[in-house]
Every structure is written in C-alpha cells, then in structure tokens.
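**Q** attaching a predicted model along with its sequence, questions to come.
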Amino acid sequence: MGKRGNKNGRGRGRGRGGRGGGGGGSRDGWRTNWTAISKEHEKFERYYNKLGILEEGEKEQFWEAMRRELPSSFRFAGSRGHALAVQKHLIDHYIPQITSVQWEGKNVDPPRPIEWYPERLAWSMNTPKQVIRKFPPFSAFQKFLVSETTVGNITRQEVVSMIPPLLLDVKPGMKVLDMCAAPGSKTSQLIEMVHGGEEARVRDIIRKIKTEEGRELSPDGFEIEVEKSFAAQEGDWTDDGRSTGLLIANDSDYRRAQMLVHQVKRLNSPNLLVMNHDATMFPSIKLPTPPGARGKYLKFDRILADVPCSGDGTVRKNPNIWKDWLPANALGLHTTQTRILVRALQMLKVKGRVVYSTCSLNPIENEAVIASAIERCGGNTKVKILDMSDALPGLKRKPGLTDWKIMDRNGKIWDSYEDARDELGEDNLGRISDTMFPPPPTSEDERLPLERCLRVYPHMQDTGGFFITVLEKLTEIRARNENAPRTEKSQISDNAIKDEMSERPAPISDLVDEIKNRTENGVKSYETSEALEAVAPITEPDNGNYSAAVRQNTPPPAKRVLEEQLDGGSSPKKARLHGTAEKIEHWPPPPATLVDERIRSSEPFDEVMEEDTTEIKEENAPAIKEEDKTGAKEEDAPLIRQETTASDRCKPPTKEYSDYKKKSSGVHEEPFKYLNPEHVELERIFKFYTLSSRFPRDRFMVRNATGEPVKSIYYTSVLSREILTENEGKGLKFVHSGVKMFVKQDAQTPEMCPWRIQSEGLPIVEAWVGEERIVRLYKRETLRKLLVEMFPKVGNESWKELGEIGERVRDIGGGCCVLRVEKSDAEDGFEQRIVLPLWRSVWSLNLMLPKDERKAMLLRLFNDDTPLIDHSQNRNKPPTPRDISPSLSDVSIDNDAEGGVLLDPAAREAKAGEGTAEAQEVEAAKAANITATAADAMAADVEMGDEPTNVVTEEQAMKNEGMLRAQRFHERDKVDETELGQVGDASVGRWVGEDKLDGGEERKLGIEGGGFQG
C-alpha cells in the first residue's frame, strides 16, 4: 500500500499501518484514545463529494464506513504448503470453538476468509475487544495469532494492501523490484511468489538422485503434496529446482530499510537484496559482462511502485487524518510519484508489468500520475493500461476516473488548469501544474483508458481505500523532459532508440592515454581535454531532465531552490534550474559511469572522473512550515554545493575527504565478500555434513572487510552474487543479502565441526546433508518432549528416556545434526515433514530453536502451552564419569569460563585433580561478579537458538522482554559479523544496555497486533 507522506517514522510521516505496517486495527495497549478526535472535516468531505467518485445513494454509506474502525486482518505466510498447514490448524481447532460464543444474545461473528484471496489464505475479523477479553476461545485464538506472528507464519496486513502483489502476477524465476518496500508486508508476498513451488521441485530432484543411487526417499508430507501441482505448472528447474529469480526491495530511508530487513528475514530467502536509494533516482544495476563487451544492466520482469502518498484512504485506522488532512498534501507528492513511476517504466523489460498503487483516493496522486507518466514515456503505443476487471473474482472495485477536479491549498476547486492560470496568474499557481488535471481530449486511438484503473472504497467490502493500476511496457521508451509542455511530442523514433542502445560508447583508450601523459608531464588541468569531451561531453541544461544516475549523485538543491519548491515555485511554466549539466533521462547509462569504470581498471585511484559532490549545511536555515512537510524527507535540509573543476575531479580522493564521506553518511555497512569455493572452512563443513557434490560451493559469503569467516557464513543465489560482486565499490547501497547458513560454535571435541547449521538456512541445505548427520523421528510424543525439555541428558543411560531416537543420538558424533520428523500414518504420527536443527553436545541434546518458536510449535502441533523445562538449571551436582556418553568418554572438559574442550592430552593431564569442569566454571563466573543463575547457564550446555539468550527465570524474562527485543534487533540484524566471543560468554549479560538511534532517540520496538518482534 502506498506509504503516507514522509518516511521519517514520526507524525504524519509514519508508514501506513503504523508500526511495521501491520493490518487494520491496533493492538490493545498500543492504541491511543481516538474518541476525542472529531471525524469531521469540511474541506475533506467537500472535495470528495464534488469529485463525483460515487453515486448519490452511496455517499452516506461511504462516509459512514470512513468513520468506522477498520477490522483486523491477517495473512498466512511462507510457502503455499506451509501456509495451508497453519490455516488448516486454525480451521480445525479454533474456528469451531469461536462459533459457539454468544454475545448479547447473538452468535459472535468468527474470523472469515477473504473470498477473493487465492486459497483463502487471508482472513479478516471484526470482533469487539470486550468479547476477545471475556471469552476463553477468543483468548486462545489471540494467543495463537500472536505466537504464529512472532515466528513469521502469520503476517498482520491490511486487506487492500494484499491486492498489488497479486495483480503483479509474479512467476518463479522472474526478476522483481519493490521500489518503496518498507515496512515489508507486500515484499513478503513477493518473496513467496519468487519461491513458489521450490520445495516440491527440490524434493523431486532429490528423489531422482536417490533413485539413481538405488535408495528410496522418505514420503512427502502434506506441505510438499500441495506444492506439487504448482511446481509442475510453474517450472524453474535450471538450478536443481532452486529458485533462480530475484527480488530487490528498496527504501529511501535507512532505518525503515532496517525494519524491512527484520520483517523479510523470517522468510529466509537467498534471492533477496535490500537496497537504500531514492526511488525517483534508483540506479542502474550492472551485470557481469565479458571483457571488451558493451555493459549489460539489469532489467526487471515485474516492478511494484507502492509509492509514498497522502494516505487519506487509511483514515479508518489513522484517525488523525481527520484533523490533519490538507489539499496541499497531494499537490506536493504528485511530482515525486510521477518520477517514481517513470523510473519504474525505464527499468522494466519490454512486455514486463508495473503495478502502481497508493492508499490515497485523490486523483492527483492516482489517475493524474498514470496519465502524466504514460504521456512522458510516449503515450499508449509505448505503455498500456491493462484491463484487470476479471482478476481476483469476488473483489468489489470501481473503475478509474476519467474526469476530475483539483482543490488548491486554500480550498478552492478548479475544473481546469487554464481556469486556475487565468485567475491566479502563473506566478501564483503554487504547486498546481497542468499534469494534475485530466489529459486533454485526443483521438480515440490516443485516449488513455483510465477507467481500467482500480478503485477500492471502504464501504464496498469493509476495507480501507485504495488505488491500483497495472501497466505493461510495449516497447523501449525514452522519457520526455518533465518540465516541457505536455503537448510537446517526442520526435525520437523507435529505431532511433534502438540505434542509441546498440551504439558503443566513445573509445576510452584515448582518455586513459591522455591522463597518463599529462600526469607524467606534470599537467594537472583537464578542462580542455578533448578525449574527456568525446567520452563524457558537457551539455547545457535542458529544462531539468536529469538521468536517474545523474540525479542519484547530485546533491539536494540549495536553500533558495528548496524554498521555491516548497512554496510552489516548481510550475512547469516557470522551471528554475540549478546544478550541473543535465542529460536525457533514460538509457544508456551516463558515459561518465563508463569512464569511471574503465579508468579504475587502468589507474591506481578509484575516482578518476567522479564528480565531487561535497555538501555543507547552511547555517541558520529557516524551518520548513509544518503544512509543507508532507512528502519531504528528514534529510532534505537546505544545502549549498561546493563547485569543483574538472582537474579537481581527476585527483584521487584524499584521506580527509574519505573520512568526511564516511562520517557524513552516518551509516556503515559491512562489505559482502564471497568465499573461495575451496576455502578450508568450506571443505571442513562439506566433509563433516557429507554434503552432496551437487550443492553449490560458490555462493557463500561473509560480512566483513577481511573476507574470512569469523562468526557467520551466508548463502545467496547466483544472481545476487553476480550483482554484489560486479557493483562492489560503485556507490550502490546494499543493506542486506543472503541467508545465514552456518554459525561458528565452540567445538567440545576434536571430531566436532565448529560450524553449526543455522535454523534459517536449514530448509535450503537439509535435503543435501548426508545420512551420517541425520536423526529421524516419527512419533509425536518424542517431538513434544524435545520441544518442552531443553538440554535433556544423554549420558548415564538417560538416552533411553528419549524414546525412538535414543540409540541414534547416543551413538552419533557430537556437533550439529539434522532432525527429520517424517510423515507417518500411525496414530501417533505426523501428516507433514518437519526439519529442525539439533545439537549433540558432550552432556546433552538440544533443539536449536528460540523459545518463541518452541512455544509456537507446541501450541500449533499439540495445543500445548506447557512451560518449558530447562535441565541445565538443575546441574548443581558434578557429573560422574558415567554421565559421559561412551563415544565421548575419553574427552575431558576444560575449566575455563567458556566451557570449552581441552584438546591437548598433556594439558588435560596437568589439569587432573582440579575439580570438575562445571564446578570450576561456576567459581570462575562468581569471581567475575556474574550471577549464580548466569553461571549455571554458562557451565551447562548453552541454549543455541538463532541468538544466544541468558537462562533466566520466567519472571525475569517477562521484566526484560522489551529490552531484549530491542537489543536483539540491533545486534542480530545490524552487526551480524561482530565477534561475540564464545557462546557461553555471549549468553551472560550480552544484551544489557540502552539501544540509541542517531541523535539520541531511543529505539522503541513492538508491533501492533504482533506484526513482528525483535
């Protein structure tokens, strides 16, 4: 859904849906008392009544719906099979109990599926809060929702925001871009589509491999069975069934991009890249090309432009709109929205599809943007509005507007641009431009069928308001100057565009030779360089039509220009220009980019031809008026640009300049460094887990400057690797990529591999793990015991209490294992396969799952909310030799604070008689002023979930929950590669302290309705 206004996370700028973009309604405890807000607004109501968007008989229903609170809604997330399994549990267990509840003599309406959503995987409920609090069935249902939302199986999302990804029609293997992605609910939908049918395809490949080896594959579970039909229809088999597609999720605000990362990481996609760029100037992404060949850039099959908007369609869940609504909100966003859509069309493949959407009902932000962008790109012979009237049967919608009016900031309504210009004069138009009005009448062939746009109104299906348009690119385009008159036609033919795209750039060798010769001769000025002019000619400004790459690297306008724009001085009739030369906004990439790329391969410095855009803040800049903040970004402060000469641009950057750039950015992202496929640590991992030779070795990376695996190893897709390596150091801002596959762990025996499989990477690698590290489980009670009990003992005959897996875990070597819960038709069996990470230590066994995930599985699989039992808390008695597993009985435990293993026999003998390892660890912990509880946890086998957590009492955990969530978010998602020390040490007091954002603002995490949690 379109994001409201500015994205700085405060006031009107908060993203649609509040915290995390959750679904309609708010979580009790977070809700503000909105009863004091008057749901009346004269201009707001007058404007929409005058627009004629509804029949006379519908207006009363429309405004009544706008004043009602929005129902809660949610969607089952993950793969199609997994989502259907969780949905089945809801239908079988919770719905029958809820339907029996009566309130005030009537049956309470239970949650209902959204009929038009595929597989009915989206649901909505409008149950009064007092009912949810009073009746146990609803309380249990709410607990189920929060639990499954925490682990990512359910996403709180407003119903209408689910529409754009569905109309985008993403197929496996496609390259997809989400231009304004935060907070990430629609991004999650797109990831699911990119990976559609992947599990079933991989299982099919594994089955064929097993058949060739003369072995059988275990039965497919319920989730794989329902995926098979989809996998057969949507083929993406080129990489052993793994998805070859790509999703790039972008957001212009870095902090919102981090929230986006946290939201989508739960889906564990190696095919995801998160970037941090202004969508109006999204940069071209270079792909690897053979030496000497013309540069190749990424084009997308599908693009979602869910743009920032005034958000008046969200008034049902954002009641502040009733008092804050201003006509200027839409007027100020129109140009930005048009630029985003034009940029999307430029990056789209021919025959590709763009979906443009907003949560606004204002035609200035909707139909006017569609008409303006298509006209700039060459008209309906270049871009087509698709008829989606038959899509999503059951969804009630209205056609787009073909005629509308404009309300200016003073509340006056205008029928046409000419009327406003004649009465106000060109100097007093403010933000009003001719592109905001309906396109002028043309022939039937040239007429834009704006009625094909979709409008969803609140009273039609008890939702929010929304606007969606689906566009298809028919041929290559070259956008018209945005400040040129709308009636001016492009004189460039299709053949001319093709010729331009096929032309090779000017020879670079002459420029390289000239630079070298002048450097050797002591000549520093390049202002008269003919070679430079041939490669990167300097052109005069052409009415403000910068290319996306030029605008991306051009500083914001100076004080006067910014003030003029905010005051409405950006009329296309009186365009004010500022800055450097401007170029055609489209294709190919600017020649200066090629110069920079080629010279850096021949010269010892990186920025030979890159323009110095050093900026300094102007002191005593006047504050921006509150009413003009809509759509502006927090960083858009008045700036003055320092002019540089061509000779300055050819100098290598100084240390002071580099330090300044790093400081001024305020953000430091660790680099993405890929490991050599023959790296010793990868060899160690593949040998320990006996991974199949068909599992790729060339897709593993780390996030540190050294390029060596220190703490974590990530896995990405092939295309992600190519993009990250090809664009390294070229100014593209990548925030996240890859799935954490392996995490380093203290090895307790020489045989153990220190790299354990992380739970988020397990679904990708588990099918390729050899039998030597597999433990199979078939009975429900066995799994329940492993979920409830943390660190059950294995030694001293304790393995017999583990039932069917006892002998296997007794005999298997120490380290990480893969627990496969297989499908079984027995009464105590499972319908679906489940794969979990398991750790076999010297003393015990443990599922490597966070407590939240354990509790969610217990609730979903067993309807059990039994408190977890931590056996490591009961290890006050020193272990006897019989406690040690027979296969590990010759291993002694070191008495250091880390609980590590003493591998040197001589040192082991020297430590004889000093007491047991656990007792000495407790003493060491006490000496370090660590609490007894933490010391016990450190001496025992440390719980290994996705992140180490302190073993504390339930009461302590409840008190510290908010702080732990915030700190985990910060530590896990922002500094994954920070060296945390040993696991035991990391579990003690690691998360203490306040988490501060830039400027001292305290980070507050918590999602309404359980959207996501740190």
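**A** Perfect, thanks for sending it.

**Q** need the three-state assignment for F742.
**A** Three-state call for F742 (DSSP: H, G, I helix; E, B strand; the rest coil): strand.

**Q** repeat for K39
**A** The three-state label given to K39 by three-state DSSP is coil.

**Q** now it: how far from P308?
**A** To P308, K39 is 24 Å away according to Cβ to Cβ, to the nearest Å. For glycine as for every other residue, the C-beta is placed from the backbone atoms N, C-alpha and C.

**Q** mean confidence for the longest helix along the chain?
**A** Determined from DSSP state H, the single longest helix within the chain is helix 327-347. Taken as a whole, helix 327-347 has an average pLDDT of 95.

**Q** before we move on, back to that, the more surrounded of K39 and P308?
**A** P308 (27 against 16; other Cβ atoms under 10 Å).

**Q** for the more buried one, what are phi and psi?
**A** Dihedral angles of P308 (phi, psi; degrees, to the nearest 10) stand at phi -60, psi 140.

**Q** tell me what it is bridged to.
**A** K3 (DSSP bridges).

**Q** just for this structure, where's the confidence low?
**A** Residues of the chain meeting the criterion pLDDT under 70: 1-35, 219, 221-226, 228-235, 485-667, 874-1014.

**Q** so G464 touches S360, yeah?
**A** No: with contact defined as Cβ atoms under 8 Å, G464 does not count as touching S360 (10.6 Å).

**Q** how about the helices in the stretch 751-900 of the chain?
**A** Shown for the stretch 751-900 of the chain, the helices assigned by DSSP state H, counting those that start in this stretch span residues 762-765, 780-788, 806-811, 851-862.

**Q** what's the last one packed up against?
**A** This means helix 851-862. helix 136-150, helix 780-788 (3 or more Cβ pairs under 8 Å, 6 or more residues apart in numbering; DSSP states H and E).

**Q** please save the CA atoms from that helix in PDB.
**A** Coordinates of each C-alpha in helix 851-862 appear next as PDB, following Å, rounded to 0.1, in the frame of the first residue of the first chain:
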ATOM      1  CA  LYS A 851      11.900 -20.200  22.900                       C
ATOM      2  CA  ASP A 852       9.200 -18.300  21.000                       C
ATOM      3  CA  GLU A 853       9.400 -20.900  18.200                       C
ATOM      4  CA  ARG A 854       9.300 -23.800  20.600                       C
ATOM      5  CA  LYS A 855       6.200 -22.400  22.200                       C
ATOM      6  CA  ALA A 856       4.600 -21.700  18.800                       C
ATOM      7  CA  MET A 857       5.200 -25.300  17.600                       C
ATOM      8  CA  LEU A 858       3.800 -26.700  20.900                       C
ATOM      9  CA  LEU A 859       0.700 -24.600  20.500                       C
ATOM     10  CA  ARG A 860       0.200 -25.400  16.800                       C
ATOM     11  CA  LEU A 861       1.100 -29.200  16.800                       C
ATOM     12  CA  PHE A 862      -0.100 -30.200  20.300                       C
END
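
**Q** and for G464 and S360, which residues touch both?
**A** Jointly contacting G464 and S360 under the rule Cβ atoms under 8 Å, 6 or more residues apart in numbering are G313.

**Q** name the residue in those two with the higher neighbour count.
**A** Ranked by neighbour count (other Cβ under 10 Å), G464 and S360 place G464 first, with 30 against 27.

**Q** let me see the contact set for that one.
**A** 1, 24, 70, 158-161, 313-314, 316-317, 359, 456, 458.

**Q** and if you look at Q189?
**A** With contact set as Cβ under 8 Å, 6+ apart, Q189 has these partners: 75, 162, 165-166.

**Q** let's see which of those residues end up in helices.
**A** Judged by DSSP H, the subset of the contacts of Q189 located in helices is 165-166.

**Q** from the contacts of Q189, which is closest to R773?
**A** R75 (35.3 Å; Cβ to Cβ).
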